[in-house]
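>>> Generate coordinates for the sequence data below:
(chains A, B, C and D)
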Number of protein chains: 4
Amino acid sequence: MANKRVAVIGASGYGGLQTLRLLHQHPALDISFLGGERSSGKRWSELVPFLPLAGDPVVQTPDPDAIAAAADYAVLSLPNGLAAQLVPPLLQRGVRVVDLSADYRFSSLGRWQEVYASEALEVPRSDDDLCAEAVYGLPEWEADAIRTARLIAAPGCFPTASLLGLLPFLNQGLIDTTGIVIDAKTGTSGGGRAAKEHLLLAECSEAVAPYGVVGHRHTSEIEQLASRVAGHEIQLQFTPHLMPMVRGLLATVYCRLRDPGLTAEDCVTLLASAYRQAPCVEVLPVGTYPSTKWVRQTNRALLSVQVDRRTGQLIVMAAIDNLVKGQAGQGVQCLNLMAGLEPTAGLPLLPFYP
Amino acid sequence: MANKRVAVIGASGYGGLQTLRLLHQHPALDISFLGGERSSGKRWSELVPFLPLAGDPVVQTPDPDAIAAAADYAVLSLPNGLAAQLVPPLLQRGVRVVDLSADYRFSSLGRWQEVYASEALEVPRSDDDLCAEAVYGLPEWEADAIRTARLIAAPGCFPTASLLGLLPFLNQGLIDTTGIVIDAKTGTSGGGRAAKEHLLLAECSEAVAPYGVVGHRHTSEIEQLASRVAGHEIQLQFTPHLMPMVRGLLATVYCRLRDPGLTAEDCVTLLASAYRQAPCVEVLPVGTYPSTKWVRQTNRALLSVQVDRRTGQLIVMAAIDNLVKGQAGQGVQCLNLMAGLEPTAGLPLLPFYP
Amino acid sequence: MANKRVAVIGASGYGGLQTLRLLHQHPALDISFLGGERSSGKRWSELVPFLPLAGDPVVQTPDPDAIAAAADYAVLSLPNGLAAQLVPPLLQRGVRVVDLSADYRFSSLGRWQEVYASEALEVPRSDDDLCAEAVYGLPEWEADAIRTARLIAAPGCFPTASLLGLLPFLNQGLIDTTGIVIDAKTGTSGGGRAAKEHLLLAECSEAVAPYGVVGHRHTSEIEQLASRVAGHEIQLQFTPHLMPMVRGLLATVYCRLRDPGLTAEDCVTLLASAYRQAPCVEVLPVGTYPSTKWVRQTNRALLSVQVDRRTGQLIVMAAIDNLVKGQAGQGVQCLNLMAGLEPTAGLPLLPFYP
Amino acid sequence: MANKRVAVIGASGYGGLQTLRLLHQHPALDISFLGGERSSGKRWSELVPFLPLAGDPVVQTPDPDAIAAAADYAVLSLPNGLAAQLVPPLLQRGVRVVDLSADYRFSSLGRWQEVYASEALEVPRSDDDLCAEAVYGLPEWEADAIRTARLIAAPGCFPTASLLGLLPFLNQGLIDTTGIVIDAKTGTSGGGRAAKEHLLLAECSEAVAPYGVVGHRHTSEIEQLASRVAGHEIQLQFTPHLMPMVRGLLATVYCRLRDPGLTAEDCVTLLASAYRQAPCVEVLPVGTYPSTKWVRQTNRALLSVQVDRRTGQLIVMAAIDNLVKGQAGQGVQCLNLMAGLEPTAGLPLLPFYP
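Next up, the predicted model:
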């Protein structure tokens, strides 16, 4: 079977760089188009001397016709609001799309507009139908829909880790759905490659700080799928913290078990069962807690649980690489499903340690 | 008034180094004795070439008579279990003691033994009376008792940050005392200077991980004072996480407001009022969240609050330097009170940034 | 004697923040004016919530008359080219100036223009006389001139470390003046606080790289004073490298001893003698090599030497904090001399370790 | 063709972990034996939960008969001195060996003993013949000998980077062979996984320091091959520095061009020509300087040159990952040659950036 052709749009940001790195060694997917507005016309090696691509392609303006002529699939790694301009014409031309931005993560345009109200859009959106059609690209929970989807909204990094830990318990009705607390920790690469003072090494090295306390956008994204899986509306507490490291994301989830007799071992069994078919998720034995370093530069999610018999609380810990399982790797995992490949094709699962 | 003389025992660990650094520039306290078992007989400059002390003293065996002859006060920076051997003879000889270890942090020996059961003691303890007598060295809540105490048990780093954030709300009965979650993040210097594989830079750089999930010893220490201030027994969830940085500690505390009408501004007012007389605590305005970098190498604690109207939760954030306000600086703050000095004498409050 | 009044212009960059931190605790100098163009009119606490200054002053437009009315001295922490606009009117009004920029580091305007040709000046300079008058603010070599100077050009961070290591050997004619190699390593804070992609934590963490190889501007600055002290023109090799850390600078200097019989111990003796009167310079014993961490947030320079009998080479190592002894601390050291104070007044010499 | 079987001895140190990670995904080499003294009898997943190997093998005592029964090749990742006990019996049994230690890097036992005099050997060595037979495993310079060798001594990390940069110029007689200076910078993982105080994150974060100044063992290793390629004895200056990062190594080499007319472009052409057949070496264009981050977790070496017309000096910069091209990856590259495979089989050449 001939390899499928993939366009990568927005190639020199961190999401794009990861996508290219993964596709470059992929056994069944080829990079067939490199798109970027600002760097259009430049040779790749001039832009990124340290990531040589076969043939040293020239970056092209992301014109829908050109993309459709060159590619079966497109991965969009663009700022929020820009993907929504490119997605409709690409779908019209038969290109199936994995969008790494937040543009199609909500099932209605209205909800998106509420959450992303502050984004200044140059072109107003009216694609409520595509918001409804887009499949949320969390393969462990949406595999069937992903396989046939035209449009994938790849989840945010925080939602990926949080939901992988929470959903099995919500699905089985094992926890109180009020009072859930997600305390999340992320490396600075989640803030992107554009220069920002607060992401300078001098500013964020030797520093840990919360941000977006109450109301961070990923709260709504987590609540949307959590509510659907639980079968009723859930409101939860989500607090991200910036860590002095490049990549890696840990979500520590606190909730209350409905059945106080459940043990940590029971919960491990439940998680292992929920993810039996999920080759990118691994459940650690009780007492072993995940380090973000154990999943660095892999598409793996590590889950661990602990139960406090005194307080009745369940603590779920989930570690991922924010740029791989939390972004580009998840996108490739979706592409694999869409193209009828093994879900882990081309995806690294073992870290280089340390 | 002549300067008071202070013995520092256990000088070359991180707690000792901070204590010496602070006392060396202290306007009213002098280092009069340097004690250490392993390095006894050595010149200080051989041990620590980068922290020259006036007169380049020789480290001495921590003999109680020698200490009592040389010093009015002693700061003990020793592993858990060792301080308890030195404290009784020092008190007998009239030396007032600030103990940076956990040996006297619980009000009964029985409680200490439950929590620190795993410590292999060479000499069995029978000093239940001293456990009862020792004053918990959190100056913002125990200033009067500290001033006249013979024996101070300086709090752990996690309890310091957690309690400074929680106590005003417990004291006023404003929060539910069930379901309290403390998610804490610390730099690796809290693990001490002894070589341990998991604290190697190669292991903990670019890594975030939880540890001691459920049952960490600081849980009991936090609960002891929290319960006393609240007026009833409290059990809470405390989870520490190791951060890829040297120093700094952030506690993010989640709890539920009893009165859903309270705003973040109300809570700031309450905190500011509670700490009006506390020169080492600063309350940030609503929407400004503390970075550990803002307090690095200072004796300051920064507090911030946020309220989620949707969920009714109060989030309290507290940042300290784990080795200064979380350890040695707090010890010096106690010494200041014991010696009748200004609480902030000799203590840095402003960071070198970045 | 009343405290002297100091204006700090350019207060919220890293140089300004260090200067304020040092002056805030200075026993004989007061901050009397806070100047900044962009932040003019704002309260200090709004700009920098973590460094509370007494009275929470308002930042003011750096008008020469206003500065002269408020201050005896001014420390300018401005981008290259801007100081040269402010210095002439300040000197005219009797304000003595310490300039932390490069504007007056060369003894002629022509030389400055050659080296800093790429700076786009809004206002052309014609102050060749001030270039000639300005004293190079390296107190260990220019103390007498500094005491009476109207205008100090504080040295760059790389020149400070390199020259402190090299000058005693050049002064005594002990080394070949051809073939000198300076391999220097610096933290990222030397690049300033303005947002730049290559200084993001995600970019420069876990990365070491050379930059400015051949022709870095500090080469000329080092050569100027090295040549003067040696008594003839010297051309040397200077290569800076960016380190994954915030602060600290190490210069490793390679040169050839003229007398192959000189030992490392001889060289230590020579250095110790050269810096006998220099309280901020410390010479380490043979075999002890300086870590930048040993001088972090201090105004100390640590020097060490080693000699290779096989190759005849002398290796001189010099460690400083790039923002203190390499910038703001050196500026305060100059102010101390200008004001007739002890050179180390208000300057930290001991690090908080680790 | 059936895959070749490889034994990895010393699997849980950093060298072993990298080797396993690389072999696990290798298309033509299989891990057939996992050897370790201390962890003998344990399941791999208990030792290293984050690097799951197919079949979760049990670690075995490294008995020569057992190894020979299971494997065609053995990679030894053992402390210096221990490999020399295992190599003779393995060779006798027909197992071809890649030794990552220093035991066979010198062409005579006498030379090894001079350089490694301080190693306390439990078993005295008498294998001078094997020292003479062993091939130095730098594939870019010894490919033919490696293909047929029974015993490979994989080079040290510093020699790999230094020699790749220097040898083409020595080979062509283009530089003075006196006065060569190599200033090298390495991450802390080069110090291994055993707990050592000076490698704690708290000690080496925010710190840069030289070590082993004059007489570091890698000096002799570099000089041995440099001398052979130059055709006469060379003595050079080598100074390593410890960087606050996990992995990565940069060598900055200073030497003097014999022909002052040579330009940086000429030198790039020469290097590119020398490494035309070397798929793991890439020469950067003039003005682009290598970051260790660009080669992280790859088997690539990046070279760059600059020439200072004023001083006549050539500066060669070489960046590698100290644990991949500087250790385990180089070992696999040798295995590939020995097994008649493509030199880059199974070796990552592109980094995950950032």
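>>> which bits of the stretch 151-300 of chain A sit near chain C?
A:187-189, A:191, A:193-197, A:199-206, A:244-247 (Cβ under 8 Å from any Cβ of the partner chain). From N, CA and C alone the C-beta is placed, and that goes for glycine too.
>>> One more: the stretch 1-150 of chain A?
Taking Cβ under 8 Å from any Cβ as the criterion, the neighbours of chain C within the stretch 1-150 of chain A are A:Tyr14.
>>> Show me where the stretch 1-150 of chain A has its strands.
In the stretch 1-150 of chain A, the segments counted as strands under DSSP state E, counting those that start in this stretch are A:4-9, A:29-35, A:73-76, A:96-99, A:135-136.
>>> Show me the shaky parts of the stretch 1-150 of chain A.
Residue ranges of the stretch 1-150 of chain A with pLDDT under 70: A:1, A:120.
>>> just the helices in it please.
For the stretch 1-150 of chain A, applying DSSP state H, counting those that start in this stretch gives helices covering A:14-24, A:44-47, A:64-70, A:83-92, A:109-115, A:128-133, A:139-148.
>>> now swap in the stretch 201-350 of chain A and tell me
With DSSP H, counting those that start in this stretch, the ranges of helices along the stretch 201-350 of chain A come out as A:201-204, A:217-230, A:264-274, A:329-338.
>>> Now tabulate these in JSON lines and tack on mean pLDDT, mean neighbour count and distance to chain B.
As requested, these are exported to JSON lines (pLDDT from 0 to 100; neighbours: other Cβ atoms under 10 Å in any protein chain shown; distance: least, Cβ to the nearest Cβ, whole Å):
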{"stretch": "helix A:201-204", "mean pLDDT": "97", "mean neighbour count": "28", "distance to chain B": "4"}
{"stretch": "helix A:217-230", "mean pLDDT": "97", "mean neighbour count": "21", "distance to chain B": "9"}
{"stretch": "helix A:264-274", "mean pLDDT": "98", "mean neighbour count": "17", "distance to chain B": "9"}
{"stretch": "helix A:329-338", "mean pLDDT": "98", "mean neighbour count": "27", "distance to chain B": "17"}
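>>> just so I know, which of these lies nearest B:Leu170?
Ranking those by their distance to B:Leu170 (criterion: Cβ to Cβ) puts helix A:217-230 first, at 27.2 Å.
>>> tell me which strands and helices the closest one is in contact with?
Judged by 3 or more Cβ pairs under 8 Å, 6 or more residues apart in numbering or on different chains; DSSP states H and E, helix A:217-230 is in contact with helix A:109-115, helix A:157-171, strand A:237-242.
>>> returning to that earlier point: output the helices of the stretch 1-150 of chain A as TSV; include the columns distance to C:Gly340 and mean neighbour count.
What follows is the helices of the stretch 1-150 of chain A, written out as TSV (distance: least, Cβ to Cβ, whole Å; neighbours: other Cβ atoms under 10 Å in any protein chain shown):
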stretch	distance to C:Gly340	mean neighbour count
helix A:14-24	55	24
helix A:44-47	57	16
helix A:64-70	73	16
helix A:83-92	65	20
helix A:109-115	62	17
helix A:128-133	72	16
helix A:139-148	72	17
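>>> which stretch among these comes nearest C:Glu142?
Closest to C:Glu142 of the helices of the stretch 1-150 of chain A is helix A:44-47 (Cβ to Cβ; 45.9 Å).
>>> check contacts around the residue of the stretch 1-150 of chain A found nearest chain C.
Residue of the stretch 1-150 of chain A nearest chain C, by Cβ to the nearest Cβ: A:Tyr14 (7.2 Å). By Cβ atoms under 8 Å, 6 or more residues apart in numbering or on different chains, A:Tyr14 lies in contact with A:Ser189, A:Gly192, A:Arg193, A:Leu323, A:Gln327, C:Ala202, D:Tyr353, D:Pro354.
>>> what's the burial count for the fourth one?
Using other Cβ atoms under 10 Å in any protein chain shown, A:Leu323 has 30 neighbouring residues.
>>> Tell me how far it lies from A:Tyr14.
Distance, A:Leu323 to A:Tyr14, using Cβ to Cβ, to the nearest Å: 6 Å.
>>> Quick check: neighbours shared by the two?
Here A:Leu323 and A:Tyr14 share the contacting residues A:Ser189, scored by Cβ under 8 Å, 6+ apart.
>>> Can you give me the distance of the residue sitting furthest away from the middle of chain A to B:Tyr211?
Residue farthest from the centre of chain A, counting by Cα atoms, centre = their mean, is A:Arg310 at 34.9 Å. Noted for A:Arg310: a distance of 19 Å to B:Tyr211, by Cβ to Cβ.
>>> domains of chain A?
Segmentation of chain A into domains, based on automatic domain parsing, reads A:4-133, A:157-322.
>>> Could you identify which of those domains is most buried?
domain A:157-322 (a mean of 22; mean count of other Cβ atoms under 10 Å in any protein chain shown).
>>> for that domain, the distance to its chain's centre please.
13 Å (Cα atoms, centre = their mean, to the nearest Å).
>>> Could I get the contacting residues of the closest residue to chain D within the stretch 1-150 of chain A?
Residue nearest to chain D within the stretch 1-150 of chain A: A:Phe50 (3.4 Å; Cβ to the nearest Cβ). Contact partners of A:Phe50, counting by Cβ under 8 Å, 6+ apart, are D:Ser291, D:Lys293, D:Trp294, D:Val295, D:Leu302, D:Pro351, D:Tyr353.
>>> give the contact list for the first one.
The reference is to D:Ser291. D:Ser291 makes contact with A:Phe50, C:Ala207, C:Val208, C:Ala209, D:Ala319 under the criterion Cβ under 8 Å, 6+ apart.
>>> One more: the fifth one?
Contact analysis of D:Leu302 by Cβ under 8 Å, 6+ apart lists A:Phe50, D:Glu282, D:Leu284, D:Pro290, D:Trp294, D:Val295, D:Ala318, D:Ala319, D:Ile320.
>>> Now it. Nearest residue, chain neighbours left out?
Spatial nearest neighbour of D:Leu302, excluding adjacent residues (Cβ to Cβ, 6 or more residues apart in numbering or on different chains): D:Pro290 at 3.8 Å.
>>> Whatever residue of the stretch 51-200 of chain A ends up closest to chain B is in what secondary structure piece?
Residue of the stretch 51-200 of chain A nearest chain B, by Cβ to the nearest Cβ: A:Asp183 (3.9 Å). According to DSSP states H and E, A:Asp183 maps onto strand A:181-186.
>>> can you give me the angle that strand makes with strand A:237-242?
If you take axes from the mean of the first three to the mean of the last three Cα atoms, to 10 degrees, strand A:181-186 sits at 20 degrees to strand A:237-242.
>>> And strand A:181-186, what does it pack against?
Applying 3+ Cβ pairs under 8 Å, 6+ apart, we find strand A:181-186 packed against helix A:157-171, strand A:237-242, strand A:249-256, strand B:181-186, strand B:249-256.
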